[in-house]
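Student: Provided below are the primary sequence and the corresponding predicted coordinates.
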Amino acid sequence: MKSLVTTLLLCSIITLQSYGQEDYETYRMSYLTTPDDFKISVTGGAKQKVIFYIGAIDIKTAEINKIGIRLEDMLENERFRDYVNECKAKYIEWKDVAIKNNVTKLSKEMEIKSPKMGAYWYHYNGWEFDDNVRLRAVFKIVESDSRIQYLLLFYTQELQSISNEYITSDGPTIVFNSSEEIEDFVEKLDFVKAREFLEAPKVEDLFKN
């Protein structure tokens, strides 16, 4: 999996530049690939709502950054971050229980209700969007690279394009293997910092004609 994902990243990553997104941050899914491969892009700025595009992985194809989560505005962003933080707290609790009881294999869904959000994916020659998406969170214990790993997985139901009901996708997956990775991810979704980034003068704007 690691070599396949890395190869796909190096060969070709189709971005959302045509929709005006700017690359803002990266985050880690070290269980699946090398650090900092997953992109967070933003669009908006002064007097416009800030929209986050969070690149993820398509488990079925192993393609990355061609599918992800879309957070439409500040309220959606806050609800998403609160949800992830709630799942992080449960992850820490369950990991502690697993270690104390020597549990080495488990897959258990968290009964934490996800807020509604959007998702996007690349389909043939264009981007598709679904604006009625909810996540499911699963705590999983696996043995990988000769050690026990404690994972928090986020995934969606099947996605359906808002422009064509017959265009579907299995949906994005996000996988973390530590509370530090989760915390780092949430911090990079700071709405105020993203707005400041979008409103900051660009290098080319410094040189006036």
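Tutor: On my side now, so go ahead.
Student: Point out where the protein drops to low pLDDT.
Tutor: Filtered on pLDDT under 70, the chain yields the residue ranges 1-20, 33-36, 46.
Student: Mind naming the longest helix for the protein?
Tutor: Across the chain, the longest stretch assigned as helix under DSSP state H is helix 74-100.
Student: I'd like to know which elements that one is packed against.
Tutor: strand 48-58, strand 63-71, strand 117-123, strand 135-144, strand 147-156, helix 179-187, helix 191-199 (3 or more CB pairs under 8 Å, 6 or more residues apart in numbering; DSSP states H and E). In short, each C-beta sits where N, CA and C put it, glycine included.
Student: and the angle from the longest one to helix 191-199?
Tutor: Looking back up the chat, that one is strand 48-58. 100 degrees (axes from the mean of the first three to the mean of the last three CA atoms, to 10 degrees).
Student: for strand 48-58, the distance to its chain's centre please.
Tutor: Distance of strand 48-58 from its chain centroid, counting by CA atoms, centre = their mean, to the nearest Å, is 8 Å.
Student: cool, and the fifth one?
Tutor: Here strand 147-156 shows a centroid-to-chain-centroid distance of 14 Å under the convention CA atoms, centre = their mean.
Student: do the third one as well
Tutor: Centroid separation between strand 117-123 and its chain, computed with CA atoms, centre = their mean, is 11 Å.
Student: could I get it in PDB with only the CA atoms?
Tutor: Written as PDB, here are the backbone C-alpha positions of strand 117-123 (Å, rounded to 0.1, in the frame of the first residue of the first chain):
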ATOM      1  CA  MET A 117     -20.600  18.300   5.200                       C
ATOM      2  CA  GLY A 118     -19.600  18.100   1.600                       C
ATOM      3  CA  ALA A 119     -17.300  15.800  -0.400                       C
ATOM      4  CA  TYR A 120     -15.600  15.900  -3.800                       C
ATOM      5  CA  TRP A 121     -13.900  13.400  -6.100                       C
ATOM      6  CA  TYR A 122     -12.400  13.300  -9.600                       C
ATOM      7  CA  HIS A 123     -14.300  11.400 -12.200                       C
END
